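Visitor: here is my input, please return the structure:
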Amino acid sequence: MTRTAVALGIAMGLSAAAMAADLRIGFISSLSGPVSALGIPYEKGIRAAIAESPMLAGHKVELIVLDDASDPTTAGRNARKLVVEDKVDVLIGTSGVPGAMAIAAVAKELNVPLISPTPVTIAGGADTWTVTVSQSFPLMVSAVVERMQKAGVKTVAYIGFSDALGDLAYDSLKMSTDAAGIKIVANERYARADASVTGQILKITALRPDAVFAGNSGTPGALPYLALAERGYKGQLYGTHGLINADFVRVGGASIERLQVPSGPVLVADQIAADNPIRAVSMNFRAAYQKVNGAPPNDAFSSYTYDSYLLLGDATKRTKGEPGTPAYRTALRDAIMSTKELVGTHGVYNFKPDDRYGSDKRGVVMVKMEKGQWKLAP
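Guide: All right, here's what the predicted structure looks like:
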């Protein structure tokens, strides 16, 4: 397990405000293992955000990074260590749904706010300590089903991970297809570490569905599309917002040509309307990311942690007290939960205590793969 601590602030000319207690962020991501295609961009995104704003509400920011190695148990253990030993004021992470759920359980138990860049399936309520800047699966998948309807799809086959993400994607698909009158003809699953899905795809192609929808993410998400191409499948291809990263595009190659997925506006910021407020924030993110990482972003994941930091920064302005205390953590949680109309790269955020998701339809566009590039779908 790797631990790095980066203290960012002003070294000289400290004002009275800067002398306040440091704000400690416990950041957990999958920097190794099968979810690292998402986890590595997550770390790059938050480092770009902190480099752009090294202080929040007069507090110097200290970032403590732990690798969960794509393992939910490690993610939960990391969260407990960060809270109990490192005394962090807020948690941010991680890059897989099972891991994010494990961290959310620790956040609730130990009364520490969690900003998740990944969807989480936990109940809201007065005792909720978790919010997510990721769009909800029902919101994103409903946009996919709308595209299916317009394209005349009557039958769709599902293939997804055999874990919480796969269940979340399937349940969201069923909710929208039931309302749209589209029939799901298959529900096939595979593990993230599997090397082949040939058996599942043979079952799917035998049914001749109008479309195939995959509930997966990262580089393991390419397997179904590769197998469909090998079988010569000519139907329509759809997927989730968990597929928008460079490694997936590299591995998928020609097999993902014409694939359509939902995304936050950040991915195609230069293609959306100039008066859309999300465009300006997204272009600012691109500049900050390039300054820190030496290249422009080519994924939609690094911007989720950038938005997490924007959300944290906005909340700290409305949080009284000094970091490092239970009272501050509670006040910070309350400030996060009361966020109104905060413009990010993936949408405009509004949170309520009984709703852990802050995005609405303003945070959703459909994109299509064309010659190795994601393009705004017409």
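
Visitor: hey, what's the residue nearest to A169 when sequence neighbours are not counted bridged with?
Guide: Nearest residue to A169, sequence neighbours excluded (Cβ to Cβ, 6 or more residues apart in numbering): G215, at 2.6 Å. C-beta coordinates here come from the backbone N, C-alpha and C atoms, glycine included. Beta-bridge partners for G215, by DSSP bridges, are G160.

Visitor: correct me if wrong: G215 contacts A164.
Guide: No. Applying Cβ atoms under 8 Å, one finds G215 not in contact with A164, separated by 10.6 Å.

Visitor: burial count for the residue nearest to A169?
Guide: G215 has 28 neighbours, counted by other Cβ atoms under 10 Å.

Visitor: just the pLDDT at it, thanks.
Guide: For G215, the pLDDT comes out at 97.

Visitor: which residues does it contact?
Guide: Y158, I159, G160, F161, L165, G166, L168, A169, Y170, L173, G239, T240 (Cβ atoms under 8 Å, 6 or more residues apart in numbering).

Visitor: any of the residues you listed buried? List them.
Guide: Y158, I159, G160, F161, L165, G166, L168, A169, Y170, L173, G239, T240 (16 or more other Cβ atoms under 10 Å).

Visitor: looking at these, spot the one nearest K108.
Guide: Taking Cβ to Cβ as the measure, L168 is the one of these closest to K108, at 19.1 Å.

Visitor: tell me which element the closest one is part of?
Guide: helix 164-180 (DSSP states H and E).

Visitor: which strands and helices sit next to that helix?
Guide: helix 97-110, helix 137-150, strand 155-161, strand 183-190, strand 211-215 (3 or more Cβ pairs under 8 Å, 6 or more residues apart in numbering; DSSP states H and E).

Visitor: mean confidence for the third one?
Guide: The reference is to strand 155-161. 98.

Visitor: same check on the fourth one?
Guide: Taken as a whole, strand 183-190 has an average pLDDT of 98.

Visitor: what angle separates the following helix or strand past that strand from strand 183-190?
Guide: Using DSSP H and E, the next helix or strand after strand 183-190 towards the C-terminus is helix 198-207. Taking axes from the mean of the first three to the mean of the last three Cα atoms, to 10 degrees, helix 198-207 and strand 183-190 form an angle of 170 degrees between their directions.

Visitor: show me which residues of helix 198-207 are buried.
Guide: Buried-residue list, helix 198-207, by 16+ other Cβ under 10 Å: Q200, I201, I204, T205.

Visitor: so what's the third one up against?
Guide: With contact set as Cβ under 8 Å, 6+ apart, I204 has these partners: A157, I159, A186, E188, V212, L228.

Visitor: the fifth one: neighbour count?
Guide: I take that to be V212. 25.

Visitor: do the same with the fourth one
Guide: By other Cβ under 10 Å, 20 other residues sit near E188.
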